[in-house]
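> next one to model:
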Amino acid sequence: MSADRPGESLSSGRGPTVAWVRRRLTRPAARSRRTPPAGPSPQAFGLASARVRRTVGGPRLAALALVLALAACSGGPGTLSTEPAASDDLTVRVGALTGPTGMGLAALIRGQVEGEVGPVTVAASIVGTPDEITPALVRGELDAALVPANLAAVLQARTDGGVRAAAVTTLGVLSVVEAGDSVHRLDDLKGRALLTTGRGATPQYVMDFLLARAGLAGQVGLDYRSEPAEVVAALVDGRSSLGVLPEPYVSIALAKDPGLRVALDLTAQWEELAPGSQLVTGVLVVRRQFAEDRPEALRRLLDGYAASVAFTRDHPQAAAQGIAALGIVPDAAVAEAAIPRCHIVALTGQAMRTALSGYLQVLYRADPASVGGALPPDSFYEAA
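Presented below is the predicted three-dimensional model:
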């Protein structure tokens, strides 16, 4: 396998290295996020991120501005700050992750949409890892955040109910990718081996659950790698013919090697095998104090987010440009290809509760610690 070349086309037939795959996701990201300052540990809650402030709605659209937000060092894990709300009652400070979890928010941040119930100002901090969002939310420096589904439950437990789920934002983003055309249902995996990632984490729990539901427990080999980029490289250079990948790595692999195909969408498999719940990746959480003190701001945020999701699904090319500009997925072509398989949604109320509670029950049975040690109480689910 030959060395990469700077600027090599995504559609080139050359086999990628792991470093090449990483660059597809990180190359422009410096425009939208910055490396957090060194600290004694993640528990020290250091945060440095690009902050994107955008007023959404009619004549209030403001110019995009980037400023560096440096978190204070006060507060600690498990104790919610009672910091006063932002001076503007319709300004909502939202943390978002790069990758699929944050994709549905981009159009709202950039003012490509406006909600029906009125304008809302979104001050969004886009960062690379949940460890950069969690402390800011706990300390009251964020009002809301888009986080992995299991982290939402963990935050609820660690803050004694100080964090609530307001919406499911992303369903499953995992797919089985094949070099060939032999896999069309889960049964076709019997006796086969797949490369995957996430040992001891949600990707493993999802695969274990689906294989057990399909009657395939112990009959499919799962060969774990440390990161999705390794799976992409192995699929493209022919070292493996089957792999489980999340978006946007699926889109990177397909663009790099036209001989690869999505054999199974695991979101669809979940719906078939586990009616009454859904495979959930991302959740919009809010601080309880914010939800109780500023219900109108929350209502406008959820309405604006729903409009943003609709725009993203209906206009993927335009949405992908905004996603790339914010560094959420730095390559616009990859973002556009990934949007349909990211299953971006805006589920609130009972629909949110049904989808999320069923999914958390699966994780709890696999590993109680993955959801904070116990299933969340009814108060965790914010009413519509």
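> so what's residue 268 up against?
Residue 268 makes no contacts at all, as judged by Cβ atoms under 8 Å, 6 or more residues apart in numbering. C-beta coordinates here come from the backbone N, C-alpha and C atoms, glycine included.
> mind telling me what element it is part of?
Per DSSP states H and E: residue 268 is located in helix 266-273.
> just the CA trace of that helix, in PDB.
What follows is helix 266-273, C-alpha atoms only, in PDB (Å, rounded to 0.1, in the frame of the first residue of the first chain):
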ATOM      1  CA  LEU A 266     -28.600  -1.600  11.500                       C
ATOM      2  CA  THR A 267     -31.300   1.000  12.300                       C
ATOM      3  CA  ALA A 268     -33.700  -0.800  10.000                       C
ATOM      4  CA  GLN A 269     -32.600  -4.100  11.500                       C
ATOM      5  CA  TRP A 270     -33.400  -2.800  15.000                       C
ATOM      6  CA  GLU A 271     -36.800  -1.600  13.900                       C
ATOM      7  CA  GLU A 272     -37.600  -5.100  12.500                       C
ATOM      8  CA  LEU A 273     -36.300  -7.100  15.500                       C
END
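> now the helix or strand just after that helix: buried residues?
Counting by DSSP H and E, the element after helix 266-273 in chain order, helix or strand, is strand 280-287. Burial within strand 280-287, assessed by neighbour count using 16 or more other Cβ atoms under 10 Å, is assigned to 280, 281, 282, 283, 284, 285, 286, 287.
> right, and the helix or strand after the lowest-mean-pLDDT helix or strand in the chain?
One helix or strand of the chain scores below all others by mean pLDDT, DSSP states H and E: strand 65-70, with a mean of 25. Moving toward the C-terminus from strand 65-70, the next helix or strand (DSSP H and E) is strand 91-97.
> what residues does the next helix or strand after that following strand touch?
Per DSSP H and E, the first helix or strand lying C-terminal to strand 91-97 is helix 100-103. Residues from elsewhere that reach helix 100-103 (Cβ under 8 Å, 6+ apart): 96, 126, 146-148, 169-170, 173, 246-248, 281-282, 312, 319, 323, 328-329, 335, 338-339, 342, 344.
> now, these that are in helices?
312, 319, 323, 335, 338, 339, 342 (DSSP state H).
> hang on, the third one packs against residue 332?
Yes: using Cβ atoms under 8 Å, residue 323 is in contact with residue 332, at 7.2 Å.
> more crowded one of these two?
Using other Cβ atoms under 10 Å as the criterion, residue 323 and residue 332 rank with residue 323 on top: 32 against 18.
> just the buried ones among the contacts of helix 100-103, please.
Here, 16+ other Cβ under 10 Å leaves 96, 126, 146-148, 169-170, 173, 246-248, 281-282, 312, 319, 323, 328-329, 335, 338-339, 342, 344 buried among these.
> tell me where this protein has helices.
Under DSSP H, the chain gives helices at 18-26, 100-103, 106-109, 134-139, 149-158, 202-213, 228-236, 249-256, 266-273, 288-293, 295-314, 316-325, 332-342, 349-366.
> export the ones you listed to a markdown table and tack on distance to residue 375 and mean pLDDT?
What follows is those, written out as a markdown table (distance: least, Cβ to Cβ, whole Å; pLDDT from 0 to 100):
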| stretch | distance to residue 375 | mean pLDDT |
| --- | --- | --- |
| helix 18-26 | 33 | 60 |
| helix 100-103 | 22 | 96 |
| helix 106-109 | 31 | 94 |
| helix 134-139 | 20 | 93 |
| helix 149-158 | 7 | 97 |
| helix 202-213 | 15 | 96 |
| helix 228-236 | 29 | 97 |
| helix 249-256 | 30 | 96 |
| helix 266-273 | 19 | 96 |
| helix 288-293 | 18 | 96 |
| helix 295-314 | 24 | 96 |
| helix 316-325 | 33 | 96 |
| helix 332-342 | 26 | 97 |
| helix 349-366 | 5 | 96 |
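> dump those helices into a markdown table; add distance to residue 92 as well.
Output for the helices of the chain, formatted as a markdown table (distance: least, Cβ to Cβ, whole Å):
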| stretch | distance to residue 92 |
| --- | --- |
| helix 18-26 | 27 |
| helix 100-103 | 15 |
| helix 106-109 | 10 |
| helix 134-139 | 13 |
| helix 149-158 | 17 |
| helix 202-213 | 27 |
| helix 228-236 | 32 |
| helix 249-256 | 30 |
| helix 266-273 | 28 |
| helix 288-293 | 8 |
| helix 295-314 | 5 |
| helix 316-325 | 18 |
| helix 332-342 | 23 |
| helix 349-366 | 18 |
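> please identify which of those helices is closest to residue 90.
Nearest of those to residue 90, taken as Cβ to Cβ: helix 295-314 at 5.5 Å.
> so how far is residue 367 from residue 150?
Residue 150 is 9 Å from residue 367, where distance means Cβ to Cβ, to the nearest Å.
> and for residue 133?
22 Å.
> the more surrounded of the two?
Higher neighbour count among residue 133 and residue 367: residue 133, with 28 against 15, using other Cβ under 10 Å.
> how about that one, what does it touch?
Taking Cβ under 8 Å, 6+ apart, one finds 95, 96, 97, 125, 127, 142, 145, 147 in contact with residue 133.
> not counting its neighbours along the chain, what's nearest it?
residue 95 (4.0 Å; Cβ to Cβ, 6 or more residues apart in numbering).
> residue 201 now?
Closest to residue 201 by Cβ to Cβ, 6+ apart is residue 370, at 7.5 Å.
> pLDDT wise, what is the one you found at?
Looking at residue 370, its pLDDT stands at 95.
> so what's the residue count around it?
20.
> tell me how far the residue nearest to residue 259 when sequence neighbours are not counted lies from residue 261.
Distances taken as Cβ to Cβ, 6+ apart place residue 179 nearest to residue 259, at 5.7 Å, with adjacent residues excluded. According to Cβ to Cβ, residue 179 stands 8 Å off from residue 261.
> neighbour-wise, which of the two wins?
Regarding residue 179 and residue 261, a neighbour count based on other Cβ under 10 Å identifies residue 179 as having more, with 20 against 16.
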